[in-house]
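Visitor: Provide a 3D model corresponding to the input given below.
(one chain, ligands or ions: 1)
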Amino acid sequence: MSVFPKAKFSIVDFSTRYSSEESCRELFFRLRFPHGFVCPHCGGTQLGMVRTRGLYRCKSCRKQISATSGTVFHGTHIKLNLWLWAMYLFTVDKRGCSAVQLMTKLRVTYKTAWYILHRLRIAMSHRESRYLLDGFVELDDTYLGTATHGKKRGRGTEKAKIMVAVSKSAEGYPRYAKMAVMPNLKSITVGKFARRSIAEGTHISSDNAKSYKKGLAEKYFHHFKTFDPAGTELVTLHTFISNFKAFIIGTYHGAERVHLQLYLDEFCFRFNRRMYRESMFERLLNAAVFCPAVKCGWW
Ligand SMILES: [Zn+2]
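Guide: Numbering: from 1, shown residues only. Predicted coordinates:
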C-alpha cells in the first residue's frame with residue numbers, strides 16, 4: 001500500500017500532511033492494518049475511538065489498542081509527529097543523519113535524538129534479517145577501528161572484525177549486501193555468518209583463506225584463489241567496503257563498538273534500497289511499524 005500519493009513529496013507537503021498527532025496516528029494505524037482492522041485479541045473487525053486518550057477500541061472485546069503498541073515505537077513518550085520528522089530527516093539524505101544533527105534539527109536533547117536513531121536502526125536491522133543473498137556472491141572480511149600501536153595487524157588485529165558479502169547480477173553489477181561483526185574469523189564462525197546471510201547453493205567467490213575453504217565447503221559452490229590487489233577479483237565487494245567506511249567516518253565519525261552491528265545494518269538497508277531512494281522514508285516507516293517492540297535503554 002502506498003501511503004503517499006506522490007512518489008516524491010516535498011518537505012512542505014510533509015509538514016502539512018502530518019502536522020497533528022491525530023494525522024500521524026491515523027497513518028500508523030493504516031500502515032499496521034492495510035487490509036482493514038483485525039483485533040489482535042479477538043479477531044473482531046469493528047473499531048471505535050477513545051478520543052480523550054488517542055486510543056482505538058475493539059467493539060467486540062472492548063480492549064483498547066494504541067497505534068504503536070507492538071511496534072518499534074511501543075512504550076515511547078516521544079510524539080508520533082517527532083518520530084515521523086526524524087524518519088524523514090534520517091532518510092532524505094543518503095548519508096544518513098547523526099544524533100548531533102538530529103538534535104539540532106528537531107531541537108531535542110542528544111539523549112532523545114540518539115534514542116530515536118537507535119530504534120530506527122533496530123527497525124532497519126530487523127527488516128534486513130528477513131532476507132538472504134543468493135546467486136553469485138563475493139565474500140571477504142575487513143576491519144574497522146583505530147589500530148593499537150605495537151599490536152597485531154591483519155586477522156589478529158584488535159580492531160572490529162567484519163564479514164562482508166555482496167551479491168552480483170549475472171552482468172557483474174552489485175545487487176544486495178550483508179555485513180556482520182564477527183568475534184573471530186575461524187571457519188565455524190565464517191560458516192555461521194554464511195548460513196545466516198547467504199542461501200544454500202549460492203556461488204561464493206573469496207580469497208583462499210583456510211577458514212573460508214572449510215567454513216563454506218558444505219553448503220555452497222565455493223570459488224577461491226589467491227587475492228591479487230591488481231586483479232579484478234572482489235572489485236565489487238571492495239568498492240562496497242570503501243563506501244561503507246566513508247559513510248561511517250563521514251556521518252558518524254566512527255561508531256561505538258557495542259552498537260556497530262546496527263550501523264552495518266543501517267548501511268545495508270540503505271544500500272539494498274538504493275534504487276528506491278524516493279520511497280526510502282516510506283520503506284523505513286513500514287519497517288518500523290512491523291518491527292516488534294524492543295526493550296532498550298532508559299526510556
Ligand atoms: Zn477485540
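
Visitor: going forward, measure contacts and count neighbours with C-alpha atoms only.
Guide: Fine.

Visitor: residues contacting Pro40?
Guide: With contact set as Cα atoms under 8 Å, 6 or more residues apart in numbering, Pro40 has no partners.

Visitor: and the gap between it and Gln46?
Guide: Distance from Pro40 to Gln46, counting by Cα to Cα, to the nearest Å: 12 Å.

Visitor: same thing with Ala255?
Guide: Where Gln46 is concerned, Ala255 sits at a distance of 47 Å (Cα to Cα).

Visitor: okay, the two: which has more neighbours?
Guide: Using other Cα atoms under 10 Å as the criterion, Ala255 and Gln46 rank with Ala255 on top: 17 against 14.

Visitor: pretty sure the more buried one is in a strand, no?
Guide: No. Assigned with DSSP: H, G, I helix; E, B strand; the rest coil, Ala255 falls outside any strand and is coil.

Visitor: and Thr251, helix, strand or coil?
Guide: Thr251 - assigned by three-state DSSP - is helix.

Visitor: no no, Tyr176
Guide: strand.

Visitor: surely it touches Phe269?
Guide: No. Under the criterion of Cα atoms under 8 Å, Tyr176 makes no contact with Phe269, lying 9.2 Å away.

Visitor: so between those two, which is more surrounded?
Guide: For Tyr176 versus Phe269, neighbours defined as other Cα under 10 Å are more numerous around Phe269 (24 against 21).

Visitor: what about that one, which helix or strand?
Guide: According to DSSP states H and E, Phe269 maps onto helix 260-272.

Visitor: what helix or strand is the most centrally placed residue in the chain on?
Guide: For the chain, Met124 is the residue whose C-alpha lies nearest the centre (Cα atoms, centre = their mean; 2.5 Å). According to DSSP H and E, Met124 maps onto helix 110-128.

Visitor: check His222 too.
Guide: strand 221-224.

Visitor: ditto for Gly44
Guide: Going by DSSP H and E, Gly44 is not in any helix or strand.

Visitor: tell me the pLDDT at it?
Guide: On the pLDDT scale, Gly44 is placed at 92.

Visitor: with Ser10 instead?
Guide: The score at Ser10 is 71. That number is its pLDDT.

Visitor: give me the contacts around stretch 50-69.
Guide: With Cα under 8 Å, 6+ apart as the test, stretch 50-69 has contacts from 22, 25-26, 28-29, 32, 39, 41-42, 44-49, 74-75, 289, 293.
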